[in-house]
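1. Give me the fold of what follows.
(chains A and B)
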There are 2 protein chains.
Amino acid sequence: MPSKNATKITADKGKQEFFIEREFEAPRELVYRALSEPEFLVQWMGPNDMEMRIDKLDNRSGGSYRFVHSLCNGGGEFGFNGTIHEVAAPERVIRTFEFEGLPERGHVSLEFLTLIELPENRTRLMVQSVFKSVEDRDGLLQSGMEGGLKEGYQKLDELLASSIVNN
Amino acid sequence: MPSKNATKITADKGKQEFFIEREFEAPRELVYRALSEPEFLVQWMGPNDMEMRIDKLDNRSGGSYRFVHSLCNGGGEFGFNGTIHEVAAPERVIRTFEFEGLPERGHVSLEFLTLIELPENRTRLMVQSVFKSVEDRDGLLQSGMEGGLKEGYQKLDELLASSIVNN
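-> Next comes the predicted model:
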């Protein structure tokens, strides 16, 4: 079932950043938990045809993470990793991001995740990603990221509506 | 004595990044050590009227750092900190940077340091800093950073020429 909440991606031409906005039908504390606790993350993050595994998640200022997405048909793995500059729960996380599938290392971006409380126990997630170059940004946008993001948020909708996170 | 090597800062109007370029009369391994080992860092980093203290430096991929500059006249302290995304010694370090003296947190930038070997045992340091906004970039450029940077590199020239690092 399509969500009533659309995923909005803004990428102005020639800029080395993009913005993602998505609202959720759940209070901020709950959305924050679903975004930061391993047992919830693995249930929603990534496209529908992949399984997610958390290789490492040290979710604190000065920490780091490594996530791995595997194609359910055994077709391959995609890792990404980064350091966590700041965790200001439940409103902000600032972290680096690097996709490990590129031909060379060093194409790192910086992500600012912000959770804003809305009326009626709703929450807006805002993500700003800042890149080394416009080409790095466009490469990620063209990698199929958008589809996986939307599918993931749809799974997150379902998780937030279920009793699993609410209890 | 003014250095023969100029510090070049490039900040195109409207972009959320700047570039620093500076050459040194020393081989790359040596410049890398002076940039990454605490006992050498404290001898050159920062403007002439400040002392530098290393609160933390865990210099590895996934590590973090915190440096403090104190005015020699007792006028105050300036801290900055970040996480270290990647250390690929002696050629590349990628790390976040946040100046702690701002009115609010969250104005973080991402730094790419690259050391390039030049003929005749010389080295070029290239720094790219990518910011959350053009305003954040311009704010740092207008903070007096440039003067402190040039004074610091001049001290680094002297350190590299001395026997302290060479042995």
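
2. how close does the residue nearest to A:Ala161 when sequence neighbours are not counted get to chain B?
-> Excluding the flanking residues, the one nearest A:Ala161 by CB to CB, 6 or more residues apart in numbering or on different chains is A:Glu25, at 7.0 Å. For glycine as for every other residue, the C-beta is placed from the backbone atoms N, C-alpha and C. Here A:Glu25 is placed at a distance of 27 Å from chain B (CB to the nearest CB, to the nearest Å).

3. longest strand of chain A?
-> Counting residues, the longest strand found in chain A (DSSP state E) is strand A:77-88.

4. Figure out how far the helix or strand that that strand is followed by is from the centre of its chain.
-> As assigned by DSSP states H and E, the chain's next helix or strand after strand A:77-88 is strand A:92-99. In terms of CA atoms, centre = their mean, to the nearest Å, the centre of strand A:92-99 is found 9 Å from the chain centre.

5. Need the residues that contact the helix or strand just after strand A:92-99.
-> The helix or strand immediately downstream of strand A:92-99 is strand A:109-118, counting by DSSP H and E. Strand A:109-118 is contacted by residues A:23, A:27-28, A:31-32, A:35, A:82, A:85, A:90-98, A:123-132, A:136-137, A:140, B:96, B:106, B:108-110, B:130, B:132 when judged by CB atoms under 8 Å, 6 or more residues apart in numbering or on different chains.

6. ditto for stretch A:46-63
-> Residues from elsewhere that reach stretch A:46-63 (CB under 8 Å, 6+ apart): A:36, A:38, A:41-42, A:45, A:64-73, A:78-79, A:81, A:83-87, A:144, A:147-148, A:151-152, A:155, B:64, B:83.

7. Quick check: buried residues in that stretch?
-> For stretch A:46-63, the neighbour count (16 or more other CB atoms under 10 Å in any protein chain shown) marks A:46-47, A:50, A:52, A:57, A:59, A:61-63 as buried.

8. quick one: the residue of chain A found nearest chain B and A:Leu57, what's the gap?
-> Per CB to the nearest CB, the residue of chain A with the smallest distance to chain B is A:Thr83, at 3.5 Å. Distance, A:Thr83 to A:Leu57, using CB to CB, to the nearest Å: 12 Å.

9. Equivalent analysis for A:Phe131, please.
-> To A:Leu57, A:Phe131 is 23 Å away according to CB to CB.
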